[in-house]
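Engineer: Below is the structure, and that's it, no one-letter string:
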C-alpha cells in the first residue's frame, strides 16, 4: 500500500535530493540511515495510523494504536528489510515501511501482528538479526484484515 510522505518529510527529502543532484558528479548519495530512518518511520506511523508515540523510553514498543495495541515501527530506505535486536518486551503489532526517497513516496510493507515476524528470525542470543523485505511481504499476505491497523486517509494527514 503506497502513500505520500507527509509534507514535513517531503521537505527533508527534497533538501536531500537537491544535495544529491548538486554533488552527482562526485557520486555522493546522502542516504538516510540509522536513527534518522527510524525516527522518520515513527513520525510517519504516528500520522498514518494515529499512533501515540512513546519516545525512546520503551524498548521494543514505539507507540500505541488508538485501540490500545502496542506497536513497533520499522523503516528502511533500502530494499533489504529491517534489523531486530533481542529485547524482553514484545509489541502486539508491527509496521514496516519502505521509503523511496528519490520518488518521495512510502510503502507499507507489513501491517500486522509482530509475532509472525519474530518467529521468522533465526535464534540468537546477542546482537541483531534481519528480516528480509521479501519475508515481510510474504507474511503480510497472510494477515487478516481485522488484524491490521486502519490507515488514516491522506486528507487527515
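Structural biologist: Alright, I've got the coordinates. Quantities reported herein were computed from a predicted structural model and do not represent experimental measurements.

Engineer: For this structure, give me the ranges with low pLDDT.
Structural biologist: 27-28, 34, 56-57, 124-125, 153-157 (pLDDT under 70).

Engineer: count of residues packed around the spatially closest residue to residue 80 that is not a sequence neighbour?
Structural biologist: Of all residues not flanking residue 80 in the chain, residue 133 sits nearest, at 6.4 Å (C-beta to C-beta, 6 or more residues apart in numbering). All C-beta atoms are positioned from the backbone trio N, CA, C, and that covers glycine. By other C-beta atoms under 10 Å, 19 other residues sit near residue 133.

Engineer: Go ahead and confirm residue 133 touches residue 74.
Structural biologist: No. Using C-beta atoms under 8 Å, residue 133 is not in contact with residue 74; the gap is 10.5 Å.

Engineer: what comes up buried for the helix or strand in which residue 3 is found?
Structural biologist: Using DSSP states H and E, residue 3 maps to strand 2-4. For strand 2-4, the neighbour count (16 or more other C-beta atoms under 10 Å) marks residue 3 as buried.

Engineer: Show residues contacting that strand.
Structural biologist: 10, 48, 104-108, 151, 154 (C-beta atoms under 8 Å, 6 or more residues apart in numbering).
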